[in-house]
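S.K.: Need a 3D model of the sequence below.
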Amino acid sequence: MLAVYKKELRSYFTSMIGWVFIGFFLVLTGLYFMVYNLLNGVTNFSYVYQGIEFFFVLLLVPVLTMRIIAEENRQKTDQLLYTSPVSIGKLVIGKYLALVTLFGLAMLIVSVYPLILNGLVNKVATGGESVDFAIAYGSTLGFFLLGAAYIAIGLFISSLTDSQVIAAVASGVIMIFTYLMSSLAEMLPSDHLFIFWFLAVLIIVICLALNFWIHNGWMSALVGIFAEVALVILYILFTEKFDGLLGNTLSSISIIDRYDNFMLGIFDVSALVYYISVCFLFVFITIQRIKKKRYN
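M.R.: Down below sits the predicted model:
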C-alpha cells in the first residue's frame, strides 16, 4: 500500500494535475480571503470556505478524482492491478490516501491565512477585533473532512467508467445534488402519500441497481418484494410518521449540513464520525466494485 501511495502521490507532481488542483484551490481561497477578510475587514475566516464550497464541489473534486481509476480502466492497466501481489484493498486505499494527501497539502497552505490575517488586524487596529482561531481552524478541519468525503465519492464514481469525462460529469452532478440536498428537500411535498410513492419508486431503482451489481434477477426481485411489503405495512401502521419524513431524512444525511457546526468553531464529534463513515463506505464499495469486475 505504501508503494502505491508514493507512486500515486509522485505522479500528481510529475504531471500537471496536482499543481493545477493546488493552484486553482489557492486562487479561489485567495480571492475570497482578499474580498471578505482583507478588503471588507471581516475577521471570520470561515466565510472563505463557505464562499468556495460550490466551486470546490462542482469543479475541483471531479477534476481531481476523474482519472484515478477511470484512466486505469481506459488504458487496460487495471488488468495488471488484478494480478498484482498487492491486494485490491491496499491498492484502492493507497490511491485514496494519495488524493487526500494532495488535498491536505493545499489545506496546509491555506491554514496559514488566519495567522496572516490576525497579524494584519493587530498591526492596523491594535485592540480591535482579533481573529477567532477556534472558528478559523475548526472550519479548516471541517472543510478537510468534507473534502475527504467528497474525494471518496469521486473515487467510487471513477471506478464505474473508463472515461475521465464521464467520471467528471457524473461526479459533478451527484456532488451538486448532495450540495443542494437540503434545499431540494424543502421544495418537495411533505405529505405522507407523496413520500410513500417516492419511497416505493426508490425501492425499485435500488433493486435495479442491485441487479446490475450482483447480476441475480431473482435475488434482486425478492429483495424488492420484501422491501415494498415492509413499506406498505409501515405506511398503514404509521401513516402520520411519513409526513415530512423525506425532508428530515435528506437533511440528516446531507454532507454539507454536517459542516455547519465546524463553521461556528464547534468540534462536532457526530459530524466527525459521519465524515469518516462516508469515507470508509465509498472506499469499501469501490474495493468491492473492482473485486467484482476482477472475478467477472
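
S.K.: Any idea how many residues pack against Ala271?
M.R.: By other Cβ atoms under 10 Å, the residues close to Ala271 number 20. Backbone N, C-alpha and C define where each C-beta goes, glycine included.

S.K.: should've said Gly217
M.R.: Gly217 has 11 neighbours, counted by other Cβ under 10 Å.

S.K.: which residue sits closest to it, ignoring its sequence neighbours?
M.R.: On the basis of Cβ to Cβ, 6 or more residues apart in numbering, the spatially nearest residue to Gly217 that is not a chain neighbour turns out to be Asn211, at 5.7 Å.

S.K.: Please apply the same query to Ile109.
M.R.: In space, and not counting its chain neighbours, Ile109 is closest to Leu26: 6.3 Å by Cβ to Cβ, 6+ apart.

S.K.: What helix or strand is that neighbour located in?
M.R.: If you go by DSSP states H and E, Leu26 is part of helix 16-32.

S.K.: Report the separation between the residue nearest to Ile109 and Arg289.
M.R.: Here the criterion is Cβ to Cβ, to the nearest Å. By it, Leu26 lies 33 Å from Arg289.

S.K.: was I right about the residue nearest to Ile109 contacting Ala106?
M.R.: Yes: A contact is recorded between Leu26 and Ala106 when judged using Cβ atoms under 8 Å, the distance being 6.6 Å.

S.K.: State the helix or strand in which the residue nearest to Gly217 lies.
M.R.: Using DSSP H and E, Asn211 maps to helix 192-214.

S.K.: Quick check: which helices or strands does that helix pack against?
M.R.: Helix 192-214 sits against helix 217-237, helix 245-253, with contacts defined as 3 or more Cβ pairs under 8 Å, 6 or more residues apart in numbering; DSSP states H and E.

S.K.: Sketch out the low-pLDDT regions of this protein for me.
M.R.: Across the chain, residues meeting the criterion (pLDDT under 70) sit at 73-85, 122-129, 213-215, 293-296.

S.K.: ok, now with 80
M.R.: Applying pLDDT under 80 to the chain picks out residues 1, 3, 41, 70-86, 120-131, 181-191, 209-218, 244-254, 291-296.

S.K.: what residue is smack in the middle of it?
M.R.: With the centre of the chain defined as its mean C-alpha position, the nearest residue by Cα atoms, centre = their mean is Tyr150, 1.5 Å away.
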